[in-house]
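> Predicted structure and sequence below. I'll ask about it afterward.
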Amino acid sequence: MTLHLDDLRVRHLGECRYDSPFSESLSTKQTSPHYVAEGDRVLLEDTVSMLAGHDLPAGLVPSFEAAGPRRKIYFDPATVTAGVVTCGGLCPGLNNVIRGLVQELSVHYKVKRILGFRNGLQGLTAEHREDTVELTPEDVRDIHHAGGTILGSSRGGQDADEMVDTLVARGVDVMFVIGGDGGMRAATFLGNAIRARGLDIAVIGVPKTIDNDLPFTDQSFGFQSAFARATDFISAVAVEAAASPNGVGIVKLMGRHSGFIASYAALAANAADIVLIPEVPFVLEGADGLLAHVEQQVRTKGRVVIVLAEGAGQEHLGVPRHNGRGTDASGNVKLGNIGELVKERITAHLTAEGLTPTMRYIDPSYAVRSIAANAYDSVYCLRLAHAAVHAAMAGRTEAAVARWRRRFVHVPLSLMTSRRNQVDPDGDLWMSVLETTCQPARFGRAPVREKVRAGFC
Ligand SMILES: Nc1ncnc2c1ncn2[C@@H]1O[C@H](COP(=O)(O)OP(=O)(O)OP(=O)(O)O)[C@@H](O)[C@H]1O
Ligand SMILES: O=P(O)(O)OC[C@H]1O[C@](O)(CO)[C@@H](O)[C@@H]1O
Ligand SMILES: [Mg+2]
């Protein structure tokens, strides 16, 4: 995919005619290392060679619109009704984003009516559209101390036109969709349906996923909190494995298609001997397979610690072994349980070799994603929420707010779902994992998966 400047332009609902509550404080602001002025743009790429590769004048190289307050805004805040929904799996920081949206809308823009739709996009169906909660700064004052989402969430498909009917029926002018890849896809369809009807409703996405698998965002919110929590479980099995004869510690973490949590948690704990992720296939049997390496670790060190992502090694799971396949209500493929399979195979292998293991297996998946945001994510969520409100009030639509190369930017929704962010087996993150674990670059000659696209062209 080659991206051009026009691919990165965000849709505007129209001319901004109202003074923003921030217009005075913005009048003297200029771009600096710590601020991007409205009208300036943030480069898509950040190396000299990538920029030179375009062979274009600076103003035409691919870049994102900077997020942040504008001096003039599109909507008259006095007449605005805002809507908020959270969808998909839980993620630390959902409540922080809700709180940030409500505070910014109410306190600075003086928006009087903010509706929270309940239980994900289900809340936008005809059946549930009246079941909303009014959100005020007082209601959300303490919600950021808790994990989960006060609005509830769900999976499952909804008709875009029915959701637009709901927005019209409830008088919503600006709609905030907090969701993962599915949520961003749903927001895209919602935006398309709104545009097809010629309605004046802004749709702004706030990308959320503990898997960190969304593109065009440095890291998604909640990811840091999630992998920090996962670290505790790795440390626990490492202690257990070290204290037991032929100790084997296994921690299975979330990560359907992307092994970011497994990789970062393993690096943070610095106690894993092996990390298995979906992006790097592995072979179990043979002299250079996983089982032989596990055996060698147990023989030489007396223990081994393995961190694996749930999506790793799916090629080893036949149907219907370990849960089978099929899809969930949102169409996401249900994964087989690679953790159980690896546990069984290691137990059988070591026992056959006369090294009967002491197995310590933990699957802390929901314990990792249901926690409250840590301090870093709390700041990040708040700033994303502010950016989302500024974008919507300035009439941006069919866009997500994201942090890109440490700057907050507007990303067209269509781009947020155009590709999946994955660990690049040739990139420096995976190199750090290999350096830390000392595991071989590959276990056996597993078929090389389609190369992860690290660039944009
Ligand atoms: N292609 C699509 N078209 C319309 N709606 C979709 C589409 N994909 C997903 N959705 C809807 O978006 C919502 C969220 O999707 P999903 O359950 O996949 O979670 P998500 O937002 O991807 O979050 P995560 O995967 O991080 O938990 C669901 O209600 C789902 O029905
Ligand atoms: O059990 P649930 O709610 O379907 O969620 C599981 C999935 O959600 C995620 O946490 C993404 O939100 C994935 O890592 C995981 O596979
Ligand atoms: Mg998803």
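Cool, got the structure. Ligands and ions are numbered 1, 2, ... in the order given.
> Could you use CA atoms for every contact and neighbour count after this?
Will do.
> Next to ligand 3, which bits of this protein? Give me the list.
By Cα under 5 Å from the ion, the residues of the chain that approach ligand 3 are 180-182.
> again, 8 Å this time
Residues of the chain that fall close to ligand 3, judged by Cα under 8 Å from the ion: 88-89, 179-183, 209, 332.
> Which stretches in the stretch 151-300 of the chain count as strands?
174-179, 202-207, 247-253, 274-276 (DSSP state E, counting those that start in this stretch).
> Take the ones you listed and write them to CSV, including distance to residue 40 and mean pLDDT.
CSV is the format used below for the strands of the stretch 151-300 of the chain (distance: least, Cα to Cα, whole Å; pLDDT from 0 to 100):
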stretch, distance to residue 40, mean pLDDT
strand 174-179, 24, 98
strand 202-207, 20, 98
strand 247-253, 40, 98
strand 274-276, 41, 98
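> Which among those is found nearest to residue 299?
Residue 299 lies closest to strand 247-253 among the strands of the stretch 151-300 of the chain, at 10.7 Å (Cα to Cα).
> Please name the nearest non-neighbouring residue to the residue nearest the centre of the chain.
Geometric centre of the chain, nearest residue: residue 209, 2.7 Å, by Cα atoms, centre = their mean. Residue nearest to residue 209 in three dimensions, not counting chain neighbours: residue 180, with 5.2 Å by Cα to Cα, 6 or more residues apart in numbering.
> Could I get the contacting residues of the one you found?
87-88, 207-209, 214 (Cα atoms under 8 Å, 6 or more residues apart in numbering).
> and it, how far is that from ligand 2?
For residue 180, the distance to ligand 2 equals 7 Å [Cα to the nearest ligand atom, to the nearest Å].
> and the closest residue to ligand 3 within the stretch 1-150 of the chain, how many neighbours does it have?
Residue of the stretch 1-150 of the chain nearest ligand 3, by Cα to the ion: residue 88 (6.6 Å). Around residue 88 there are 22 other residues, counting by other Cα atoms under 10 Å.
> I'd say it and residue 155 touch.
Yes. Judged on Cα atoms under 8 Å, residue 88 makes contact with residue 155 at a distance of 5.4 Å.
> any common contacting residues for the two?
residue 120.
> before we move on, the earlier item: go through the contacts of residue 180 and name the one nearest residue 70.
residue 207 (21.8 Å).
> ok, how many other residues are close to the closest residue to residue 253 other than its chain neighbours?
Excluding the flanking residues, the one nearest residue 253 by Cα to Cα, 6+ apart is residue 309, at 4.9 Å. Here the count is done by other Cα under 10 Å, and residue 309 has 28 residues near it.
> What does residue 309 show for phi and psi?
Residue 309 adopts backbone torsions of phi -90, psi 150, taken as degrees, to the nearest 10.
> quick one: contacts for it?
So residue 309 contacts 252-256, 258-259, 261-262, 276-278 (Cα under 8 Å, 6+ apart).
> let's see it at 6 Å
For residue 309, the contacting residues are 252-255, 259, 262, 277, by Cα atoms under 6 Å, 6 or more residues apart in numbering.
> Outline the domain layout of the chain.
Listed by automatic domain parsing, the domain ranges of the chain are 31-220+373-416, 223-370+424-454.
> quick one: secondary structure of residue 379?
helix (DSSP: H, G, I helix; E, B strand; the rest coil).
> So what's the residue count around residue 390?
24.
> Quick check: it touching residue 71?
No. Contact criterion Cα atoms under 6 Å: residue 390 and residue 71 do not qualify, at 10.2 Å.
> Next, format the contacts of residue 180 as CSV and append distance to ligand 2.
Listed next are the contacts of residue 180 as CSV, based on distance: Cα to the nearest ligand atom, whole Å:
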residue, distance to ligand 2
87, 9
88, 6
207, 11
208, 8
209, 5
214, 11
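> residue farthest from the centroid of the chain?
residue 354 (43.5 Å).
> and that one, how far is that from residue 201?
According to Cα to Cα, to the nearest Å, residue 354 and residue 201 sit 67 Å apart.
> what's the answer for residue 348, then?
According to Cα to Cα, residue 348 stands 59 Å off from residue 201.
> So between these two, which is more surrounded?
Using other Cα under 10 Å, the more surrounded residue of residue 348 and residue 201 is residue 201, with 25 against 15.
> Report the buried residues of stretch 248-256.
Judged by neighbour count using 16 or more other Cα atoms under 10 Å, the buried positions of stretch 248-256 are 248-256.
> same deal with stretch 141-156?
Within stretch 141-156, the residues that count as buried by 16+ other Cα under 10 Å are 143-144, 146-155.
> what's the burial count for residue 352?
10.
> Do a quick rundown of the helices in the stretch 201-350 of the chain.
Taking DSSP state H, counting those that start in this stretch to define them, one finds helices in the stretch 201-350 of the chain at 223-242, 260-269, 290-301, 338-352.
> right, so these: which one is the most enclosed?
Comparing those by mean neighbour count (mean count of other Cα atoms under 10 Å), helix 260-269 ranks first with a mean of 24.
> Tell me what angle that one forms with strand 247-253.
130 degrees (axes from the mean of the first three to the mean of the last three Cα atoms, to 10 degrees).
> what angle sits between helix 260-269 and helix 223-242?
In terms of direction (the same axes, to 10 degrees), helix 260-269 departs from helix 223-242 by 60 degrees.
> Spell out whether helix 260-269 and ligand 1 are in contact.
No. Helix 260-269 is not in contact with ligand 1 by Cα under 6 Å from any ligand atom; minimum separation 13.0 Å.
> Counting by contacts, list what that helix packs against.
If contacts are counted by 3 or more Cα pairs under 6 Å, 6 or more residues apart in numbering; DSSP states H and E, helix 260-269 sits against helix 223-242.
> Which residues outside the helix it packs on are in contact with it?
If you take Cα under 6 Å, 6+ apart as the criterion, helix 223-242 is touched by 210, 247-249, 261, 265, 269, 303, 368-369, 373-374.
> coming back round to it: would you mind measuring from the residue nearest to the centre of the chain to residue 102?
21 Å.
> try residue 422
Noted for residue 422: a distance of 32 Å to residue 102, by Cα to Cα.
> Looking at these two, which has the bigger crowd around it?
For residue 422 versus residue 102, the count of surrounding residues by other Cα under 10 Å is larger for residue 102: 31 against 22.
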